[in-house]
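>>> sequence-free structure coming up:
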């Protein structure tokens, strides 16, 4: 059950190393704390390997990459993988610039990622499928829908096979696959897209779930996606008429803080294909 | 009507490239989302030009500048201007250090800005008028007031003429001029100054308004200033006794999220001189 | 009385220069504004000395240090000390990496700090006492408790003597000493540890208190610790059932915003040893 994965995060309280963007970093840290894990942000190449060594998982996010931090991503990623830590890539904006696409591909080439999590346009770009991006947002015409679901599930399974890791494509419908099976998740709300960094927050949350559940990483990744979606639904239920995306941001983090295994199991809306 | 400018942002949903400081960047992103636009933050010189090319407007803010990001500002600013995108400069702390003043002046020399938006001390510094700053805040003795309004309007008109762009001086009374006419805006509340980054948020918001209203940029700039001020008033109305500047920050972003054209037109308090 | 120290911050409104991490910087800025001071963040070496010269205090935090910002810390720290400004060091993660430990020790060697404020594991690392860290959090077995309080007070006094500055060790029980006497403070709540950056916020707040109270710096440091703890208690009292660490973060900053001298004096729970 997915709830057990959340319970394990609260029991294990893993320490998560994040090399991430400066836009959403505070929310990522608070989201990691909300689920029961601890964050540390460190992006200097002088300490990247040492810091990741004392942690239990590594979250790499290229949202505001630069040449200095990319070197740290490579160093930390290789070391974390050598130590058997889960390593997640959030290829923010892959497809929006050559630097982002090339950096993501280079990281994938050098580091055996546990999970690559992005929106559908980013993942299509990495898979070499013709795509377009809208900055850091998915292009609308790429969106996974009930109409193209079979095709999308196949694409995610094939991409997982291609990159030999779990692929998590998040959007209106979320898909999480290890190439063999695919979780199809229908939690969440469209208004989550009006908050900056819900994707980044999910990547931090997922790394914590992966670190605390080494024996069932696919299930852990799916559980994190469901937890985020359920938090989006729970948070929305508490919205007042005058609330907007700033209040919603806080309410979602708070919903994870107050979530327990039973609430996650009850709220998770998924099927396995 | 100013409300139409907001409506156009929601219809056009422009993508705004921000090279901005790491202090207030999250609030800038959420403010841009609140008004109906989309933000992307990217400050690496390797991608600055490419990212700005896929966007509809560029917001340059020197709040935590360094030599690396200043190069990216120059590259992105020239490219955006070449493409006819609106480009805004927020000269945070101009006058507080030689580096900030020189950088702002150099950017103005190299890039044909659409708008320069700052507090009165920053704009006086750029205009070469004797001024002083209090860090990133305006000096009290520079403040625009009813007593010195005629003189202040003249100064802003002349500065717009000098720099061949729209000048927006914000404070207790806001002035927005293209050299010929000047909007005098009396929205907002003094408590907005107790939140970090309301100026930065306004610059992001204004860039979105400029991008969605290419045919009436002066009106768009004034509409953004009024929208921010009305949000400050609306947000304040929802304050509870225990609330402070953190709650106020959220309530202001939420007020923009919930604002429509009618509310902006009704709330805007301005005259044209 | 400690309340007088807060009152002085509101009267003097000191300008505080922060060279701090990008994770919690926005909350640090809003906390400094909440107490009545003004923040400026500037980490470029070209302007570090000039910016600190126009300020009234300097807060150095190594939470996301890199080689570029470390040089700025050294430049600004020496200049601020030369000018007689209070300079605070927050050695985030000292002990978690060689770079952090070495940087903190080098800063201490080069700059006559007014206060070093950290968790117990960080301060033990700097004092050369065998310790371990849990990333940026204190190791549980290092925690100051009623059982080991005498020993902990002695340690903090000796460390203050060793480094010739005020040492503030914060945790469940907070200790603030200038080597001769030691404030033992029991304000706050354990849930504060589930918010990212409460330590960073306290360092910013404390620098403001130090700047506004040049004649009683030990008392000012203790007053800041009490103010933060009282805010943690006040904020908690307003928590709703659906609230979590995101709401709590806002409520704490708001509690400082609404705090006055009387409330601080009434709420402060401390003894002097």
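Structure received. None of the values given here were measured: they were computed from a predicted structure.

>>> CA only for contacts and neighbour counts going forward, please
OK.

>>> So which elements touch the one helix or strand residue A:26 maps to?
In this assignment (DSSP states H and E), residue A:26 forms part of helix A:25-34. In terms of contacts (3 or more CA pairs under 8 Å, 6 or more residues apart in numbering or on different chains; DSSP states H and E), helix A:25-34 is packed against strand A:38-41, helix A:198-212, helix A:245-257, helix C:245-257.

>>> Of all the ones you listed, which one is nearest chain B?
helix C:245-257 (4.0 Å; CA to the nearest CA).

>>> List of residues touching that closest one?
Residues outside helix C:245-257 that contact it (CA atoms under 8 Å, 6 or more residues apart in numbering or on different chains) are A:30, A:34, A:250-251, A:253-254, A:257, B:242-247, C:30-31, C:33-36, C:191, C:194-195, C:227-228, C:231-232, C:234-236, C:238-239.

>>> Write the ChimeraX selection for whichever of those are buried.
Command for ChimeraX, covering only those of the contacts of helix C:245-257 found buried under the criterion 16 or more other CA atoms under 10 Å in any protein chain shown:
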select /A:30,34,250,251,253,254,257 /B:243,244,245,246,247 /C:30,31,33,34,35,36,194,195,227,228,231,232,234,235,236,238
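
>>> quick one on the thing from earlier: quick one, which of the helices and strands packed on helix A:25-34 gets closest to residue B:138.
Residue B:138 lies closest to helix C:245-257 among these, at 21.3 Å (CA to CA).

>>> picking that back up, outside of the helix holding residue A:26, which residues touch it?
Residues from elsewhere that reach helix A:25-34 (CA under 8 Å, 6+ apart): A:38-40, A:197, A:200-202, A:204-205, A:208, A:253-254, A:256-258, C:22-24, C:194-196, C:244-246.

>>> With stretch A:127-141 instead?
Outside stretch A:127-141, the residues that touch it by CA under 8 Å, 6+ apart are A:92-96, A:119-122, A:124-125, A:142, A:159, B:15, B:39-40, B:51, B:54-55.

>>> shaky segments in chain A?
Within chain A, the stretches with pLDDT under 70 are A:131-133.

>>> which one's the longest helix in it?
Longest helix in chain A by number of residues (criterion: DSSP state H): helix A:217-237.

>>> how big is the angle separating that helix from helix A:198-212?
Here the directions of helix A:217-237 and helix A:198-212 differ by 140 degrees (axes from the mean of the first three to the mean of the last three CA atoms, to 10 degrees).

>>> Helix A:217-237 to helix A:25-34, inter-axis angle?
110 degrees.

>>> angle of helix A:217-237 against helix A:245-257?
Using the same axes, to 10 degrees, helix A:217-237 lies at 130 degrees relative to helix A:245-257.

>>> what's the offset of helix A:217-237 from the middle of its chain?
Between the centre of helix A:217-237 and the centre of its chain there are 11 Å (CA atoms, centre = their mean, to the nearest Å).

>>> which residues are in contact with that helix?
A:2-3, A:5-6, A:166, A:168, A:174, A:176-178, A:183, A:185-189, A:192, A:202, A:205-206, A:209-210, A:213, A:248, A:251-256, A:259, A:264, A:267-269.

>>> And those residues, which of them are buried?
When the contacts of helix A:217-237 are checked for burial by 16+ other CA under 10 Å, the buried set is A:2-3, A:5-6, A:166, A:168, A:174, A:176-178, A:183, A:185-189, A:192, A:202, A:205-206, A:209-210, A:213, A:248, A:251-256, A:259, A:264, A:267-268.

>>> residues from the stretch 51-200 of chain A in reach of chain C?
Neighbours of chain C within the stretch 51-200 of chain A, by CA under 8 Å from any CA of the partner chain: A:51, A:54-55.

>>> Can you turn the buried part of those residues into a PyMOL selection?
Command for PyMOL, covering only those of those found buried under the criterion 16+ other CA under 10 Å:
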select buried, chain A and resi 51+54+55
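
>>> from the residues of the stretch 51-200 of chain A next to chain C, which single one is nearest chain C?
Set against chain C, the nearest of these by CA to the nearest CA is residue A:51 (6.0 Å).

>>> residues contacting the closest one?
Going by CA under 8 Å, 6+ apart, residue A:51 touches A:17, A:42, C:96-97, C:135.

>>> need the helices and strands packed on helix A:25-34 in TSV with distance to residue C:79, can you?
Below are the helices and strands packed on helix A:25-34 laid out as TSV (distance: least, CA to CA, whole Å):
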stretch	distance to residue C:79
strand A:38-41	29
helix A:198-212	38
helix A:245-257	39
helix C:245-257	30
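
>>> Just tell me which of the ones you listed ends up closest to residue C:68.
Taking CA to CA, strand A:38-41 is the member of those nearest to residue C:68, at 16.9 Å.

>>> State the next helix or strand along the chain beyond that closest one.
Taking DSSP H and E as the definition, the helix or strand that follows strand A:38-41 towards the C-terminus is helix A:48-53.

>>> by contact count, what packs against the helix or strand following that next one?
The helix or strand immediately downstream of helix A:48-53 is strand A:57-61, counting by DSSP H and E. Under the contact criterion of 3+ CA pairs under 8 Å, 6+ apart, strand A:57-61 touches strand A:15-19, helix A:67-82, strand A:87-90, helix A:198-212.

>>> how about a cut-off of 7 Å?
strand A:15-19, strand A:87-90, helix A:198-212 (3 or more CA pairs under 7 Å, 6 or more residues apart in numbering or on different chains; DSSP states H and E).

>>> in terms of contact, does residue A:91 touch residue A:64 like I think?
No: the pair residue A:91 / residue A:64 is not scored as a contact, 10.5 Å apart, by CA atoms under 7 Å.

>>> more neighbours, those two?
Taking other CA atoms under 10 Å in any protein chain shown, residue A:91 and residue A:64 do not tie; residue A:91 has more neighbours (28 against 19).

>>> Would you mind measuring from that one to chain B?
14 Å (CA to the nearest CA, to the nearest Å).

>>> With residue A:222 instead?
Residue A:222 sits 27 Å away from chain B, going by CA to the nearest CA.

>>> Equivalent analysis for residue A:154, please.
From residue A:154 to chain B the distance is 30 Å (CA to the nearest CA).

>>> Residue A:116 now?
Distance, residue A:116 to chain B, using CA to the nearest CA: 21 Å.

>>> and that residue, what is it in contact with?
A:88-90, A:166-168 (CA atoms under 7 Å, 6 or more residues apart in numbering or on different chains).

>>> got a markdown table for the contacts of residue A:51, with neighbour count too?
Shown next, in a markdown table, are the contacts of residue A:51 (neighbours: other CA atoms under 10 Å in any protein chain shown):
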| residue | neighbour count |
| --- | --- |
| A:17 | 30 |
| A:42 | 27 |
| C:96 | 25 |
| C:97 | 22 |
| C:135 | 26 |
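
>>> If we only consider those, which is nearest to residue C:59?
Nearest to residue C:59 out of the contacts of residue A:51 is residue A:42 (CA to CA; 19.3 Å).

>>> What angle do strand A:15-19 and the helix holding residue A:26 make with each other?
Using the same axes, to 10 degrees: helix A:25-34 against strand A:15-19 is 170 degrees.

>>> Enumerate the residues of chain A near chain B.
By CA under 7 Å from any CA of the partner chain, the residues of chain A that approach chain B are A:22-24, A:64-66, A:96-97, A:99, A:135-136, A:194-196, A:242-247.

>>> and those residues, which of them are in helices?
Among those, the members falling in helices are A:99, A:245-247 (criterion: DSSP H).

>>> In stretch A:4-16, which residues are buried?
Under the neighbour-count criterion of 16+ other CA under 10 Å, stretch A:4-16 has A:4-10, A:12-16 buried.
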